[in-house]
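Asks: Mind looking at a prediction? Sequence and model below.
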Amino acid sequence: MSKDVEVRDFHQAKWDEPIIFELSTSGQRGILFPEADNEIKNKAGDIEKIVPKSIKRGRKPALPELAQPQVLRHFLRLSQETLGQELNIDIGLGTCTMKYSPKINEQFVRNPKFSELHPLQDEKTTQGTLEIIYKMEEFLKAISGMDAFTFQPGGGAQAVFSNASILKAYHTDRGEGEQRNEIITTILSHPVNAASPHTKGFKVITLMPDEKTGYPSIEALKAVVSERTAGMFLTNPEDTGIFNPHVKEMVDIVHEAGGLCIADIADANGLFGISRSKEVGYDMCHYNLHKAFSSPHGSMGPCCGAQGVKDFLAKYLPVPVVKLNGKKYYLDYDRPDSIGKIRKFYGVIAAVLRAYSWIMAIGADGLKEVSELSILNNNYLMKRLLSEVKGISAPWVEGQFRMEQVRYSWEKLKEDTGVGTDDVDRRCSDYGLQGYFQSHHPWIIPEPFTPEPNETYSKMEIDEYANIFKKISEEAYENPELVKTAPHNTPISLISKEAITDPKDLIVTWRAYKRKRASK
Amino acid sequence: MNNKKNIVYPYMPNSVEHIKKEMMDELGIKSIEELYSYIPKHLRAPEKMNLPEPLLSEIELKEHVEGILSKNTSCSENISFLGAGCYRHYVPVICDEINSRSEFLTAYCGETYADHGKCQAIFEFTSLMGELVDMDVVGLATYDGGQATCTSLRMTNRITGRKELLVPKTMNPEILLQLRNFCDFMTITEVDYNPKTGQMDLNDLKNKISDNTAGVFIENPSYLGFIEEHGEEIGRIAHENGAVFVVSADPSSLGILEAPVNYGADVTCGDIQCLGMHMGYGSGQSGYIASKDDPKFIMNFPNHFYSLYENDRGEFGFSRSLNQRTSYGVREKAVEYLGTNTGLWAITAAVYLSLMGPEGMYELGKNIMYKAKYASKVLSEVKGVKVVFNGSTSFKEFILNFDESNKSVEKINKELLKKGIFGGKNISKEFKELGNSALYCVTELTKKSDIDRLVKELSDILK
């Protein structure tokens, strides 16, 4: 019945909103501050004399001057020109797990009992928050089978960097720091699995997928493993949604060669209660609390990369760690082998608090339900797209099911109509969808498209989503110009030259724009 | 086997049995497990995860979580003099209003078209920060001020090809720990300071700088609160030796203190938590990096740039640019790694700076400086208390030394806590040479009566 869900008529808000500097009117104020009272001034002395001459600001910053309602209206209009997850069927941003973030969790993080907590307060005064951190660590230990966690990394990429830092500390301690300078990863894993270890000084070896299976072959791995191997950074399932059933053999090969194995489980949505790091044999892993664990993505953060390790690596975790001593929680800084700090203080604990609340709301059965439903939703969407939408395909799919997402290809559509993935991507915004995620670079799959219909979308929404792409495909075959000139219903229209690749063309501040325009 | 109870979960619309069945029928399967049956048994998780029984109703969940949070007592219920990298500034209500909007709160990495408003707000963040630091190039916010510092200093290696860094001995110890991990291939040397003023020892700087120095770094105001007055001289020494001069500046000071570029900084960085973010136990941290409009610097920023451009209709658009620098563009060939960090805080800071304007930032800076001066003066009159570095001017933090009393900072802070006062951060272990000392912080939210209370309680404790 719901296959007949109609594609809705949509038009995004368009406000033609000026840049905030253009709204400035000299003398207007958005907020006033109380003056220091006279007793303070009298005791302190003349401000002109207090500020050392050598560093007194010469010219006030040229910030815009606006009254409060103007500021509010401006940013509300910009918010209306933004399609957050709560407004659209945000299935398109695959690998990101754009799931519903329970609204009650926002109340928790905005509660002054949390929001007005200074990280250096006496532990006696922060027992509630320390309890949440401690218990959340216990939850993640149960979910992953790992032995210890830190929440200090400010996101997934930083968690991979933290893993790479521990990897280096481990080999250095064993006297093999110089020798073991290579890491192995795969081309379909997130780019940070190459970039973060490289930032830490490792040489990167990249495995390509086997033509038949979509994941690297054991032989390919054996060919690159050596006494120089420090470790392997693996994502399973990779962005294709294919689970590599031979992952344990790969882990064993790296272990036998003296390397460690690190799992990128940023996108854990298909794995809860189904497969864990422990059984696979990983030594370290990380979760993104802003993906599978429901903390909102916040226009790209703040977020949290929860880093997990086995016992023998726990001593290297960043300081401090939260411990329980009888009845009191405390921060343990006395860790001589620690890699030090990754982020200031203890990380984005707001994301930990939200994730804790989310797990408490659904429990072990609920977590498994999350994964089962995201797998069901994904395979249902795959069936509909592949059987009903002309011009779309997915590699390595013959008779196969997938985990939580699929990387599709519009290659055939492009061949037939000239309409490629960029065009379809822009066109879907005309139907009320966020533009979709295509693929990380390099594109192994031509004209890619990676949706992830997680557990928080209804069947009706998945049907609407499929129907939109069915319609766009029909448009491409009937009137390709309509799709190629999209978007038509968004705040701005197609811009011919979008990507800026020459630093001379970069304009990231209004002052630079004014200067560059004046020089033309 | 699946022994799960049949619960309809409010966050999961398809957890209704008949919907699942309808979808399974479409796929021709009898159980969902068939969909992942290819995962071998030895890779399967145990039957059930060891987690507490869930609190399925929102009522129970609310009671439970708020019950735990009620064990905290916060800075709004006590008088706080804590700073040291996280600050209790006033958060204008409009900042919360905007950053709690669903559109911004739940948007992610969408680009030019569907997220036009988000892209513009980010461009405005970089533009407003550009005015504050008087520089033309600002990247999207980083994980925190520490990360911003680490990246800025790593940038000096990429620009000069050299591997030595000179940093002040008064530097934030937490950020120094970050730096030692992040720049572990570089030699980090600490430059001494004048014991009376805290100011960088220029002779020591001249002795330590060489042809191998990639970057010279200062914090202004410094971690220990004093204003570094010799920025121009330090920058000159750095440049004469071919090094890059990096300054970390607290944005809340820049309405009244000079932008570092105007005394020679090549790169300015720091933390923006002070610009409209609640503390959230350190959740509010976020960093910024800025430089001149010079490809030598631009191509070494690892973070996203949202560049403005115009289409044929004269509309402004914004796109992520120069991806050839970033790991998203070229994986390990990128200048550093890049991932999701703190976009919502960038938007919030944009709201904050738009509300403040030039006058607001000036008043804020003035207000804080008056209070810091007043507080250090009245506290220096307390028996057993000495203000360290009183030969310099403080911005919002200053050090109190208790050597002349017979009580440790730890003991004093415990006594203060009993009176509802969070005393300054104990720095006796971090800076042993400063003795039994604590770093005290005042902001525009510190009332005169708070400072006077502290004077009274300290006088009693140290009697």
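Replies: Alright, I've got the coordinates. Numbers count the residues shown, from 1 in each chain, chains lettered A, B, ... in the order given.

Asks: tell me which element A:F75 falls in.
Replies: A:F75 is part of helix A:68-80 when elements are defined by DSSP states H and E.

Asks: Could you check that helix against chain B for contacts?
Replies: Yes. Shown here: helix A:68-80 in contact with chain B (CB under 8 Å from any CB of the partner chain) through A:68, A:71-72, A:74-80. Any C-beta I mention is one placed from the backbone N, CA and C, and that applies to glycine too.

Asks: buried sites along the helix or strand of chain A with the lowest mean pLDDT?
Replies: Here the helix or strand of chain A ranked lowest by mean pLDDT, DSSP states H and E is helix A:47-50, holding a mean of 87. With burial defined by 16 or more other CB atoms under 10 Å in any protein chain shown, the residues of helix A:47-50 counted as buried are A:47, A:50.

Asks: Next: stretch B:388-408.
Replies: For stretch B:388-408, by 16+ other CB under 10 Å, it's B:388-390, B:392-402, B:405.

Asks: follow-up on the earlier one: helices or strands next to the helix holding A:F75 in the packing?
Replies: helix B:93-99, helix B:102-105, helix B:116-133, helix B:343-380 (3 or more CB pairs under 8 Å, 6 or more residues apart in numbering or on different chains; DSSP states H and E).

Asks: out of the residues of helix A:68-80 next to chain B, which one sits closest to A:T97?
Replies: Proximity of the residues of helix A:68-80 next to chain B to A:T97 (CB to CB) peaks at A:S79, which lies at 22.5 Å.

Asks: In contact with that closest one, which residues are there?
Replies: Counting by CB atoms under 8 Å, 6 or more residues apart in numbering or on different chains, A:S79 makes contact with B:98, B:101, B:103-104, B:117.

Asks: what about 6 Å?
Replies: Contacts for A:S79 (CB atoms under 6 Å, 6 or more residues apart in numbering or on different chains) come out as B:101, B:103-104, B:117.

Asks: ok, back up a step: any chance of the helices and strands packed on helix A:68-80 in a markdown table, with distance to chain A, mean pLDDT and mean neighbour count too?
Replies: Shown next, in a markdown table, are those (distance: least, CB to the nearest CB, whole Å; pLDDT from 0 to 100; neighbours: other CB atoms under 10 Å in any protein chain shown):
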| stretch | distance to chain A | mean pLDDT | mean neighbour count |
| --- | --- | --- | --- |
| helix B:93-99 | 5 | 98 | 20 |
| helix B:102-105 | 4 | 98 | 22 |
| helix B:116-133 | 3 | 98 | 28 |
| helix B:343-380 | 3 | 97 | 25 |
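
Asks: Quick one: closest of those helices to B:P10.
Replies: Of the helices and strands packed on helix A:68-80, nearest to B:P10 by CB to CB is helix B:102-105, at 17.6 Å.

Asks: Pull the residues that contact the closest one.
Replies: Contacts for helix B:102-105 (CB under 6 Å, 6+ apart): A:79, A:82, A:84, A:86, A:296, A:298-299, B:347.

Asks: what's the farthest-apart pair in these?
Replies: So, the contacts of helix B:102-105 by CB to CB: farthest apart are A:E86 and B:I347, at 16.0 Å.

Asks: Could I get the phi/psi values of A:M232?
Replies: With angles defined as degrees, to the nearest 10, A:M232 sits at phi -130, psi 130.

Asks: likewise B:Y288?
Replies: The phi/psi pair for B:Y288 (degrees, to the nearest 10) is phi -130, psi 150.

Asks: So in terms of bridging, what pairs with it?
Replies: B:G270 (DSSP bridges).

Asks: and the gap between it and B:V133?
Replies: 8 Å (CB to CB, to the nearest Å).

Asks: give the contact list for A:F401.
Replies: By CB under 6 Å, 6+ apart, the neighbours of A:F401 are A:379, B:35.

Asks: quick one, phi psi at it?
Replies: The phi/psi pair for A:F401 (degrees, to the nearest 10) is phi -100, psi 170.

Asks: Likewise for B:V244?
Replies: Here is the backbone geometry of B:V244 (degrees, to the nearest 10): phi -90, psi 140.

Asks: could you list every residue that touches it?
Replies: Contacts for B:V244 (CB under 6 Å, 6+ apart) come out as B:156, B:159, B:215, B:266.

Asks: which ones among those residues are found in helices?
Replies: Members of the contacts of B:V244 lying in helices (criterion: DSSP state H): B:156, B:159.

Asks: Out of the contacts of B:V244, who's the most crowded?
Replies: Across the contacts of B:V244, neighbour numbers were computed from other CB atoms under 10 Å in any protein chain shown; B:T156 holds the maximum, 28 neighbours.
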